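Chemist: I would like the atomic coordinates for the input below:
(2 chains)
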There are 2 protein chains.
Amino acid sequence: MKLATLKSGGRDGTLVVVSRDLVTCQAVPKIARTLQQALDDWDHVAPRLLQVYDQLNAGTAAGAESFIEEECASPLPRAFQWADGSAYINHVELVRKARGAQVPPSFYTDPLMYQGGSDSFVGPCDPIAVLSEEWGVDLEAEVAVVTGDVPMGASIEKAAQAIRLVMLVNDVSLRNLIPKELEKGFGFFQSKPASAFSPVAVTPDELGDAWRDSKLCLPLQVTLNDAPFGRPNAGDDMTFSFAQLIAHAAKTRELGAGSIIGSGTVSNKQGSLHGSSIANGGVGYCCLAELRMYETIEHGAPSTPFLRFGDTVRIEMFDADGASVFGAIDQEVAHYHGRKE
Amino acid sequence: MKLATLKSGGRDGTLVVVSRDLVTCQAVPKIARTLQQALDDWDHVAPRLLQVYDQLNAGTAAGAESFIEEECASPLPRAFQWADGSAYINHVELVRKARGAQVPPSFYTDPLMYQGGSDSFVGPCDPIAVLSEEWGVDLEAEVAVVTGDVPMGASIEKAAQAIRLVMLVNDVSLRNLIPKELEKGFGFFQSKPASAFSPVAVTPDELGDAWRDSKLCLPLQVTLNDAPFGRPNAGDDMTFSFAQLIAHAAKTRELGAGSIIGSGTVSNKQGSLHGSSIANGGVGYCCLAELRMYETIEHGAPSTPFLRFGDTVRIEMFDADGASVFGAIDQEVAHYHGRKE
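Modeler: You can find the predicted model right below:
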């Protein structure tokens, strides 16, 4: 089943069921007005949404409309929790190697995770709005899941069962603000502005064989200013599965329905820590920082700049038949000009 | 105006207006069913809530019922943002002094803040539920505000205007999990379980002279196992006002209506960094960690244990006439036994 949220209808938007081919959709106000409402009562709501999904795919839905990705908010326009892991340790290895440091052994058994802001995500086709290019704007292409209720101390098995939806995310980072912020010891805050999620969130069963052991085994396609930048497989080199990340998050507290758990920047090892750019025949990167670290390791300093106003980022994933699974995150870096009312 | 949320009515509870003396309350489903709904449309909703408040105080409200603090959820039972500052630098000075370290000069100009989990707060009279005493359970008595919408890059003046409500919070910390977690560099996660907020949230105007320059100038009363433990004035030694904390949080992103911003543990300097326990004639502490740091500085090691199962914590604040402003946070440490459905 595929779900999305149109921007119309207030702060939490309007839940729509989307056809598998992303061509049509239907609002379902009598079943659930918003995605959070659906998640709050999933066991009762999901079967009814599935009926609409089947009708949309059969072309028999009474209220089908055209599905337009540009009209979408993030599936949860605001959420009660956004916790982002760093499950691809290759990313951490690169960061450390670029500064001549070792990865602590515990990083391979105890996931890194930070609590992100979830009060105002931006839509998949909304600008990456910042006040200054000097902040060092970077994309981070990731996979994320939405959970149901998870009890404190949940097992990895129980955590896996709590995964309701899968989506993509651009976890924008302000690289030049990170060192000073992390130095203070309390983690990220100003260096992590609003994230954008893919237009569509899908249930794990929709992914078929590509969903294995709580990992999404498909290439994540990243395009930068219309040129291919990355296509690593999100199922490869993921040190911690989503089930492990959820269990980590729930170790000392319950997770409420609608909690979003991210994978961290997808990053493939490719046998070497170095030449993995697409130009070099590799699978490329999901953030500029990795390319800059490669440049630092190889040449002593980074040569690729961070994002500038007008730069565009596109993040998408295709199934084995070449069909877009989640629709595309398609954003342009722009100067922030105040709240949209 | 005073507002609270009763647990009945679903995950977001039922908004009630509460009389100034905390004796009666009235649900207002025709105005707003939940506090988040009221905050989403505050300019239109607040005047109508105020009419009910005036009627409650005059004893003329048609639907008045007894207000029972034990029936309350936190004013926002779940929120889209909970960002906690560390505005009382004396607390940081004590931590550092106990381990023989200096406070960096930037800490007096650049606030410390961490992103907390906001998906499932516990009620003011709910247990502090943990799976193990060995986690080092500690209270942290603080003040918090709830904001309206705040644009990115808001000035301190604009931030001050965005403060909608004030409340108290017990930001429970798992002290024994903190060192290992902070060492990883991504900030707190497992070491910060679910917080509890005071039964009642009040508008700043309700605080009269006690609300000055975005600070709450009243003693915060902390009782531990029925014995006085702390009564520092929350208006003293607050290095950063709430307006400054909000502006810090909004530097690189918008804050959505209903964002909660905390002060960090209230802590008074009292001229010395040492003998401030109530037994020593001081104003005492708002967390066990500070007493343990004092013990470490004075005697080389802490002697007071962290909280044990069955220990009770009460956090309250009284106005100049001795009336409780927010009602009491009144919690007992208990073993977690699964989700309440």
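Chemist: Residue numbers of the stretch 151-300 of chain A in contact with chain B?
Modeler: For the stretch 151-300 of chain A, the residues in contact with chain B (C-beta under 8 Å from any C-beta of the partner chain) are A:151-153, A:174, A:177, A:182, A:184-191, A:193-194, A:248-249, A:251-259. C-beta coordinates here come from the backbone N, C-alpha and C atoms, glycine included.
Chemist: quick one: contacts for A:Glu134?
Modeler: A:Asn176 (C-beta atoms under 8 Å, 6 or more residues apart in numbering or on different chains).
Chemist: How much space separates it from A:Pro305?
Modeler: For A:Glu134, the distance to A:Pro305 equals 11 Å [C-beta to C-beta, to the nearest Å].
Chemist: Can I get the buried part of the residues of the stretch 151-300 of chain A next to chain B as one PyMOL selection?
Modeler: Only the buried entries of those go into this PyMOL selection, using 16 or more other C-beta atoms under 10 Å in any protein chain shown:
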select buried, chain A and resi 151+152+153+174+177+184+186+187+188+189+190+191+193+194+248+249+251+252+253+254+255+256+257+258+259
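Chemist: So which of the residues of the stretch 151-300 of chain A next to chain B belong to strands?
Modeler: Counting by DSSP state E, those place A:Leu174 in strands.
Chemist: tell me which element the closest residue to A:Gly13 other than its chain neighbours falls in.
Modeler: Spatial nearest neighbour of A:Gly13, excluding adjacent residues (C-beta to C-beta, 6 or more residues apart in numbering or on different chains): A:Thr5 at 4.0 Å. Assigned by DSSP states H and E, A:Thr5 falls within strand A:2-6.
Chemist: Can the helix or strand that that strand is followed by be said to contact chain B?
Modeler: Using DSSP H and E, the helix or strand that directly follows strand A:2-6 along the chain is strand A:14-18. No. Strand A:14-18 is not in contact with chain B by C-beta under 8 Å from any C-beta; minimum separation 15.4 Å.
Chemist: Can you list the buried residues in strand A:14-18?
Modeler: A:Thr14, A:Leu15, A:Val16, A:Val17, A:Val18.
Chemist: for stretch A:125-139, same thing?
Modeler: A:Cys125, A:Asp126, A:Pro127, A:Ile128, A:Ala129, A:Val130, A:Glu133, A:Trp135, A:Gly136, A:Val137, A:Asp138, A:Leu139.
Chemist: Could you point out which of the residues you listed is nearest to A:Ser66?
Modeler: Top of the list for closeness to A:Ser66, among those and by C-beta to C-beta, is A:Cys125 at 15.4 Å.
Chemist: and of the buried residues of strand A:14-18, the nearest to chain B?
Modeler: Of all the buried residues of strand A:14-18, the one with the least separation from chain B (C-beta to the nearest C-beta) is A:Thr14, at 15.4 Å.
Chemist: Off-centre distance for stretch A:142-159?
Modeler: 16 Å (C-alpha atoms, centre = their mean, to the nearest Å).
Chemist: how long is it end to end?
Modeler: 19 Å (C-alpha to C-alpha, to the nearest Å).
Chemist: what do you get for stretch A:103-117?
Modeler: 27 Å.
Chemist: For it, which outside residues touch it?
Modeler: Residues beyond stretch A:103-117 that count as contacts (C-beta under 8 Å, 6+ apart) turn out to be A:81-87, A:89, A:92-93, A:96, A:171, A:187-189, A:192-195, A:239-240, A:244-245, A:248-249, A:262, A:264, B:81, B:83, B:114-117, B:184-189, B:253.
Chemist: confidence score at the residue of the stretch 151-300 of chain A found nearest chain B?
Modeler: Among the residues of the stretch 151-300 of chain A, A:Gly187 lies closest to chain B, at 1.9 Å counting by C-beta to the nearest C-beta. Looking at A:Gly187, its pLDDT is 92.
Chemist: Ok, A:Ile297 next?
Modeler: 86.
Chemist: isn't it right up against A:Arg99?
Modeler: No. The pair A:Ile297 / A:Arg99 is not scored as a contact, 9.8 Å apart, by C-beta atoms under 8 Å.
Chemist: of these two, who's got more company?
Modeler: A:Ile297 (16 against 9; other C-beta atoms under 10 Å in any protein chain shown).
Chemist: Can you give the distance of the strand or helix carrying the more buried one from its chain's centre?
Modeler: Here A:Ile297, judged by DSSP H and E, is contained in helix A:288-299. Relative to the centre of its chain, helix A:288-299 is centred 23 Å away, using C-alpha atoms, centre = their mean.
Chemist: For chain A, which residues score under the pLDDT cut-off?
Modeler: Along chain A, the model assigns pLDDT under 70 to residues A:272-275, A:340-341.
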